[in-house]
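> Sequence first, then the predicted structure, then my questions.
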Amino acid sequence: MGQPMSAAKKVLFSRIALIGIGLIGSSLARVVRRDGLAEHISVATRSKETLKKAKALKLADSYSLDPAEAVRDADLVMLATPLGAYGDVAKAMAPGLKPGAIVSDVGSCKESVFRDVGPHLPKGVHLVPGHPVAGTEHSGPEAGFAELFDGRWCVLTPAREADAEAVDKVAELWRRAGMMIERMDARHHDQVLALTSHLPHLIAYTIVGTATDLGDALKREVFKYSAGGFRDFTRIAASDPVMWRDIFLKNKDEVLDVLGRFTEDLTALQRAIRRGEGDKLEKHFTRTRAIRRGVIEAKQD
Ligand code: NAP
């Protein structure tokens with residue numbers, strides 16, 4: 001939605017700290033810079049190499065390898081590391097947090113944020129977990145771009161008793177990044193995403209894995225004729241291995257639940273093929289075709 005120029009340029013935070021400056025962190029840094037949403041951006045990352053890249057790309061005003069140093073005086077701290085690092089990062093940054101600071105994140109699972117980050121935050125610091133549902137299969141600071149979030153959903157999952165002003169400020173940041181905002185219970189988010197994102201990734205990792213276990217001659221044919229459907233799975237299965245390892249470990253229960261349902265449905269289709277039940281197959285495929293139309297109508301294709 002369009003905004004008057006003055007509103008689009010208004011500073012939201014005097015200091016934002018981005019902990020992790022890969023695809024998502026650097027895309028957000030680019031938005032904050034482009035639209036002047038903070039007076040100062042500080043960045044912390046784990047390796048000197050990534051810090052050097054972030055500096056070369058001029059993504060921030062200050063750079064550090066120490067999360068506590070990066071978050072000092074920040075009004076907003078955005079965690080953008082893989083989920084498995086959250087606990088250690090939260091512990092390391094806690095001494096630098098100022099009272100009243102907002103800690104948010106971009107992680108793909110939400111219940112685990114309360115478990116891993118919550119206990120490390122000093123009193124008076126507001127936790128507003130979030131998930132910009134936007135991404136690519138690429139990683140690192142060079143992979144980011146400001147338009148990544150345009151027209152996509154951002155799901156915020158603060159606790160019911162969370163500070164309303166803090167939630168509004170995080171929502172406004174993502175709105176300025178071009179996102180539509182939805183507030184949801186963390187567990188509900190994890191159930192929905194297990195089906196819409198985590199299961200499809202697991203299926204893609206499985207199919208591409210199956211193909212790579214084939215003999216060399218057959219493998220060459222698979223690549224040659226990949227436009228028949230396989231190609232789309234290879235794009236998803238090229239997603240970051242560490243990020244996806246952590247998603248499956250952190251959203252274990254919900255993923256196992258949808259995986260159980262999926263396995264039952266797959267078995268039913270397998271039986272229909274074995275028994276030659278064409279009417280069952282056709283009925284199923286007709287129903288799923290309508291889902292695609294729904295996705296297109298929701299402008300998420
Ligand atoms: P990325 O491009 O791989 O960047 C990860 C960042 O986290 C880098 O700065 C990296 O530092 C740092 N990092 C990695 N391991 C760390 C550790 N053990 N301790 C401290 N820092 C560590 O990742 P991304 O794709 O931006 O994903 C970041 C988060 O966004 C994840 O939680 C993911 O669930 C979520 N997310 C991703 C997508 C997507 O499509 N990629 C979409 C929505 C949400 P070094 O490079 O210095 O090691």
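All right, it came through fine. Numbering: from 1, shown residues only.
> going forward, measure contacts and count neighbours with C-alpha atoms only.
Fine.
> Contact residues of the stretch 1-150 of the chain facing the ligand?
When proximity is defined as C-alpha under 6 Å from any ligand atom, the stretch 1-150 of the chain approaches the ligand at 20-25, 45-47, 50, 80-83, 85, 106-108, 131-137, 139-140.
> which other residues reach the helix or strand that contains residue 291?
According to DSSP states H and E, residue 291 maps onto helix 278-297. Applying C-alpha atoms under 8 Å, 6 or more residues apart in numbering, the external contacts of helix 278-297 come out as 269, 272-273, 301.
> Residue of the stretch 151-300 of the chain closest to the ligand, please.
residue 243 (5.6 Å; C-alpha to the nearest ligand atom).
> Apart from its neighbours in sequence, what residue is nearest that residue?
Sequence neighbours aside, residue 82 is the residue nearest to residue 243 in space, at 5.2 Å (criterion: C-alpha to C-alpha, 6 or more residues apart in numbering).
> Was I right to think residue 70 contacts residue 61?
No. Using C-alpha atoms under 8 Å, residue 70 is not in contact with residue 61; the gap is 10.7 Å.
> Mind listing the shared neighbours of these two?
residue 42.
> Between the two, tell me which one has more neighbours.
residue 70 (25 against 13; other C-alpha atoms under 10 Å).
> what helix or strand is that one on?
helix 67-71.
> what does that helix rub up against?
16-19, 42-45, 62-64, 77, 89, 92-97.
> do the same with stretch 82-98
With C-alpha under 8 Å, 6+ apart as the test, stretch 82-98 has contacts from 66-75, 79, 107-109, 113, 116-117, 120-122, 125, 242-243, 246-247, 250.
> Around the ligand, which positions in the stretch 151-300 of the chain sit nearby?
residue 243.
> Sort out which residues of stretch 129-149 are buried, please.
If you call a residue buried by 16 or more other C-alpha atoms under 10 Å, then stretch 129-149 has these buried ones: 129-133, 138-142, 144-146, 148-149.
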